[in-house]
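S.K.: Could you work out the structure for the sequence below:
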Amino acid sequence: MKADAGAARVRSPCVSICALGDDDICTGCHRSAREIADWVVSTDEERRAVLTRAAGRARRNNPFAS
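M.R.: Alright, predicted model coming up:
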């Protein structure tokens, strides 16, 4: 699927805290190593799905989340 010429692409959630934990998940953006590597070739729809999964991981891994 081709993005609209004038539409902005879904931006990377990278926060420059790049460290993979034992579970192969980045402690900064909560994406897996595969999701990070595939980001540049992913469609916006795929990127939004990655962001949804990463947000779920962030909530599960945050000891202060309610």
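S.K.: For beta bridges, what are the partners of residue 32?
M.R.: residue 25 (DSSP bridges).
S.K.: I'd say it and residue 24 touch.
M.R.: Yes: at 5.6 Å, residue 32 counts as touching residue 24 under the criterion of C-beta atoms under 8 Å. C-beta coordinates here come from the backbone N, C-alpha and C atoms, glycine included.
S.K.: what about the two, which has more around it?
M.R.: Shown here are residue 32 and residue 24; by other C-beta atoms under 10 Å, residue 32 has more neighbours (17 against 12).
S.K.: Against residue 64, how distant is that one?
M.R.: 23 Å (C-beta to C-beta, to the nearest Å).
S.K.: quick check: longest helix of this structure.
M.R.: helix 44-61 (DSSP state H).
S.K.: CA atoms of that one as CSV?
M.R.: C-alpha atoms of helix 44-61 as CSV (Å, rounded to 0.1, in the frame of the first residue of the first chain):
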residue,chain,number,x,y,z
ASP,A,44,1.7,3.0,8.4
GLU,A,45,-0.9,0.3,9.3
GLU,A,46,1.8,-2.1,10.4
ARG,A,47,3.5,0.7,12.4
ARG,A,48,0.3,1.6,14.2
ALA,A,49,-0.1,-2.1,15.1
VAL,A,50,3.5,-2.1,16.5
LEU,A,51,2.8,1.1,18.5
THR,A,52,-0.3,-0.6,20.0
ARG,A,53,1.7,-3.7,21.0
ALA,A,54,4.5,-1.5,22.4
ALA,A,55,2.0,0.6,24.5
GLY,A,56,0.6,-2.7,26.0
ARG,A,57,4.1,-3.8,26.9
ALA,A,58,4.9,-0.4,28.4
ARG,A,59,1.8,-0.7,30.6
ARG,A,60,2.6,-4.2,31.7
ASN,A,61,6.3,-3.3,32.5
